[in-house]
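Participant: my questions concern the predicted model and sequence given below.
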Amino acid sequence: MSKNGRILVAMSGGIDSSVAAMLLHDQGYEVVGMTMKTWDYATSGGSRKTTGCCSLDDINDARDLAVQKGFPHMILDIRAEFGDFIIDNFVEEYLAGRTPNPCIMCNTHIKWDALLRRADQLDCEFIATGHYANSREENGRYIVSKGLDENKDQSYVLWGLKQEALARTKFPLGGFTKPEIRQMAFDQGFQELAKKNESYEICFVPDNDYRGFLNRKVDGLEERMSGGRFYDNQGNDLGEHRGYPYYTVGQRKGLGKAFGEPMFVTKIDPITNSVFLGREEELNATSMYVRNLNVQKYPAITNGMEALTKIRYKDSGAMAQLFNQEDGRLKVDFAHNVSAVAPGQSAVFYDGNDVIGGGFIARENEVPLSHARKIIDKKLA
């Protein structure tokens with residue numbers, strides 16, 4: 001029996017999760033490694049080799065490390081569950097004119113649930129991942145906070161985790177920088193692991209061509225969505241576009257037309273297949289709405305609460321006041337203009353280094369997905 005108990009570690013085969021497993025093993029935990037197979041890229045109709053968390057090489061790398069360190073390793077096949085939820089949500093969000101956040105959805109609804117269920121079956125008290133973040137218990141609440149390495153901090157993608165999940169989760173890398181993690185791998189004799197490149201791609205879109213992915217998933221999408229119009233923010237017709245699912249708020253490149261000056265996507269209307277364009281300053285906003293709120297640090301958000309608010313992963317954040325709405329959403333009033341607020345992306349609220357909570361950015365007059373789907377189904381019929 002180990003001195004710290006039994007812990008299930010999510011191992012993708014990359015350097016971060018591998019070193020997380022090594023650290024916990026060296027700290028005296030009884031480590032069980034688990035690699036989750038989420039996706040076969042070939043099944044999407046693409047031609048590129050499977051990469052990231054789904055590649056055979058990475059699965060073998062995770063297993064080899066476990067064998068060398070002397071702890072068990074297993075593979076958990078969650079492709080069906082992942083595909084049913086994450087892929088469908090990814091497609092539906094684009095078809096609803098929003099920009100989805102699949103990694104956050106996967107963390108919240110798939111990976112943690114899968115890990116905790118298997119942890120119970122294996123008598124593991126805790127689970128662990130290679131995220132650069134910290135967590136602690138304070139005043140009866142489990143709180144996520146930023147990792148030490150500001151360039152690698154991943155607290156932003158963890159806002160959806162519930163208290164029950166956080167109570168059993170360890171983040172071994174939170175107190176280290178990426179160069180330190182690479183050095184640890186090297187010092188332990190895993191030189192090739194220490195040199196591994198990082199992947200910033202969505203695991204099921206490894207060529208970063210989400211438009212091609214949508215075309216493969218929705219038969220005839222491009223043909224049936226053609227004929228939509230570009231408009232400026234005054235309603236002037238600027239010509240035809242490919243179809244609203246192929247654009248995202250804040251996009252400048254790849255519009256397919258020249259306008260004589262840089263133009264950015266400022267708004268998308270899926271019901272009329274309209275894409276609105278404007279100059280960079282027209283992307284500015286002073287407020288937004290947030291849905292599907294999850295609060296971590298406090299039992300609830302109080303009206304008027306101030307928080308540093310990040311609207312994308314690499315965003316430095318802006319101070320804002322938070323106000324609860326009768327429909328369950330949150331209204332966020334920024335202290336100054338923020339640029340390119342994209343519906344569907346995540347808004348995460350911070351108190352210093354601590355995550356207060358987060359949710360998905362919504363339009364002021366959000367079209368329910370069920371209603372948008374009816375309109376979309378007619379277009380695709």
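Facilitator: Yes, it's here.
Participant: please report the distance of the residue lying closest to residue 101 once chain neighbours are set aside from residue 125.
Facilitator: Spatially, and ignoring its direct neighbours in sequence, residue 101 is nearest to residue 346 (5.2 Å; C-beta to C-beta, 6 or more residues apart in numbering). In this view, the C-beta of every residue, glycine as well, is placed from N, C-alpha and C. Distance of residue 346 to residue 125, given as C-beta to C-beta, to the nearest Å: 30 Å.
Participant: please say which of these two ends up with more neighbours.
Facilitator: residue 346 (24 against 14; other C-beta atoms under 10 Å).
Participant: pretty sure that one is touching residue 362, no?
Facilitator: No: if you go by C-beta atoms under 8 Å, residue 346 and residue 362 don't touch, sitting 11.4 Å apart.
Participant: host element of the spatially closest residue to residue 74 that is not a sequence neighbour?
Facilitator: Leaving aside its chain neighbours, residue 74 sits nearest to residue 34 (5.5 Å; criterion: C-beta to C-beta, 6+ apart). Taking DSSP states H and E as the criterion, residue 34 maps to strand 30-37.
Participant: then residue 344?
Facilitator: Using DSSP H and E, no helix or strand contains residue 344.
Participant: let me see the contact set for it.
Facilitator: Shown in contact with residue 344 (C-beta atoms under 8 Å, 6 or more residues apart in numbering): 93, 96, 98, 99, 100, 101, 360, 361.
Participant: leaving out sequence neighbours, find the closest residue to it.
Facilitator: Using C-beta to C-beta, 6+ apart and skipping the chain neighbours, the partner closest in space to residue 344 is residue 98 (2.9 Å).
Participant: so that neighbour sits against residue 291, correct?
Facilitator: No: between residue 98 and residue 291 there is no contact under C-beta under 8 Å: 10.7 Å.
Participant: give me the more crowded residue out of these two.
Facilitator: residue 98 (26 against 17).
Participant: which residues touch that one?
Facilitator: 268, 342, 343, 344.
Participant: closest one of those to residue 25?
Facilitator: Residue 25 lies nearest to residue 344 out of the contacts of residue 98, by C-beta to C-beta, at 39.0 Å.
Participant: any idea how far residue 104 is from the closest one?
Facilitator: In this view, residue 344 and residue 104 are 11 Å apart by C-beta to C-beta.
Participant: average pLDDT for stretch 136-153?
Facilitator: Averaged across stretch 136-153, pLDDT comes to 96.
Participant: go on, stretch 228-237?
Facilitator: The average of the pLDDT scores along stretch 228-237 is 95.
Participant: also stretch 289-301?
Facilitator: The model assigns stretch 289-301 a mean pLDDT of 96.
Participant: got a list of contacts for that stretch?
Facilitator: For stretch 289-301, contacts defined as C-beta under 8 Å, 6+ apart pick out 108, 141-144, 159-163, 166, 322, 324-325, 328-332, 347, 349, 351, 354-364, 366.
Participant: distance from it to the middle of the chain?
Facilitator: From the chain centre to the centre of stretch 289-301 is a distance of 17 Å (C-alpha atoms, centre = their mean, to the nearest Å).
Participant: again with stretch 99-111
Facilitator: Relative to its chain's centre, stretch 99-111 lies at 5 Å (C-alpha atoms, centre = their mean).
Participant: can you give me the end-to-end span of it?
Facilitator: Stretch 99-111 has its terminal residues 21 Å apart, counting by C-alpha to C-alpha, to the nearest Å.
Participant: pull out the buried positions in that stretch.
Facilitator: 99-111 (16 or more other C-beta atoms under 10 Å).
Participant: repeat for stretch 261-280
Facilitator: For stretch 261-280, burial by neighbour count (16+ other C-beta under 10 Å) applies to 263-268, 270, 273-278.
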